[in-house]
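J.: Curious how this folds, go ahead:
(one chain, ligands or ions: 1)
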Amino acid sequence: MPSQKALIRRPSPRLAEGLVTHIEREKVDVDLAVEQWEAYAEALRTHGWETVEVDPADDCPDSVFVEDAVVVFRNVALISRPGAESRRAETAGVEEAVARLGCSVNWIWEPGTLDGGDVLKVGDTVYVGRGGRTNAAGVQQLRAAFEPLGARVVAVPVNKVLHLKSAVTALPDGTVIGHEPLVDMPSLFPRFLPVPEESGAHVVLLGGGKLLMAASAPKTAELLAGLGHEPVLVDISEFEKLEGCVTCLSIRLRELYV
Ligand SMILES: NC(=O)NCCC[C@H](N)C(=O)O
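T.: Numbers count the residues shown, from 1 in each chain. This next block holds a predicted model:
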């Protein structure tokens, strides 16, 4: 039977030292972050996802952003090689977790770099952002790993934000949404819907038309509710201070047979 599992990773006590690239550093309240993370995990569970915790990586400040460490297509988990050297130690624990769940494991190798946040799957199309964290070799290796499985890999430039999924994600019907000033080339996507807020660009598909979104995007939530979607809002302010968003706090696994 197909399972619905979501991998999550408890925030490191050193979270406040996480990387900041495109925004000004603000003080992170780690206790509040842990509360927000618990509420995020609870929202996943409430909507039918079994949460599975990857062993914590307390020495890695950014380890809570677990989606950057792996990309899963069908039953194959491609372990990333994060573009930021300080994040490379995060992948070992994630590799162990996906192997335990029955994934076949593959790897991005040097000189390739790739962050999971740069990969957006829409059906069998896999968009990969070529930007600050993912290089050309990383894109080639992703193609080599997933095209034989039936993926169509489409590389898109990312210059204005940290990751492709900081700029765009997709609705259940495949429409790509993004805050236009931060999207390099909206015309690359067959159907693109502009949203009014930067953090409105990030949705996690919970199933049944429900969209997990950041509470910081109320206008976008209203827009999407008006189009018949059901936004579920969570406050992730402490992660947003580190350029995190709802997508990067979990890896949803839908196609595992376990
Ligand atoms: N996929 C994501 O959007 N990840 C957010 C990573 C934030 C972290 N502070 C970083 O710069 O790597």
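
J.: Would you check how far apart residue 159 and residue 129 are?
T.: 10 Å (C-beta to C-beta, to the nearest Å). C-beta here means a position set from N, CA and C on the backbone, and glycine is covered the same way.

J.: Look at the two and report which has more neighbours.
T.: residue 129 (28 against 12; other C-beta atoms under 10 Å).

J.: list the contacts for the more buried one?
T.: If a contact means C-beta atoms under 8 Å, 6 or more residues apart in numbering, then residue 129 has 118, 119, 120, 155, 156, 157, 158, 163, 164, 165, 167 as its contacts.

J.: hmm, 6 Å instead?
T.: Going by C-beta atoms under 6 Å, 6 or more residues apart in numbering, residue 129 touches 118, 156, 158, 164.

J.: Next step: these restricted to helices.
T.: The helices, defined by DSSP state H, take in residue 164 from these.

J.: ranking the contacts of residue 129 by neighbours, who comes first?
T.: Greatest neighbour count in those, by other C-beta under 10 Å, goes to residue 118: 30 neighbours.

J.: That residue against residue 165, yeah?
T.: No: the criterion here is C-beta atoms under 6 Å, and residue 118 misses it with residue 165 at 7.1 Å.

J.: Quick check: the gap between residue 241 and residue 88.
T.: Where residue 88 is concerned, residue 241 sits at a distance of 23 Å (C-beta to C-beta).

J.: hmm, I was thinking of residue 247
T.: Applying C-beta to C-beta to residue 247 and residue 88 gives a distance of 21 Å.

J.: same thing with residue 43?
T.: Distance of residue 43 to residue 88, computed by C-beta to C-beta: 30 Å.

J.: Go ahead and list the helix or strand containing the closest residue to residue 111 other than its chain neighbours.
T.: Once flanking residues are discounted, residue 111 sits nearest to residue 137: 5.0 Å by C-beta to C-beta, 6 or more residues apart in numbering. If you go by DSSP states H and E, residue 137 is part of helix 136-146.

J.: Show me the contact partners of that helix.
T.: 73, 78, 106, 108, 111-114, 126, 128, 130, 153, 155.

J.: Can you select the buried ones among the residues you listed for me in ChimeraX?
T.: Applying 16 or more other C-beta atoms under 10 Å to the contacts of helix 136-146, the buried members can be selected in ChimeraX as follows:
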select :73,78,106,108,112,113,114,126,128,130,153,155
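
J.: Take the contacts of helix 136-146 and keep only those in strands.
T.: With DSSP state E as the criterion, strands contain 73, 78, 106, 126, 128, 130, 153, 155 from among those.

J.: between the residues you listed, which is closest to the ligand?
T.: The ligand lies nearest to residue 128 out of those, by C-beta to the nearest ligand atom, at 12.9 Å.

J.: who touches the residue in the chain positioned nearest to the ligand in this structure?
T.: Nearest residue of the chain to the ligand, counting by C-beta to the nearest ligand atom: residue 117, 2.4 Å away. Counting by C-beta under 6 Å, 6+ apart, residue 117 touches 68, 163, 165, 248.
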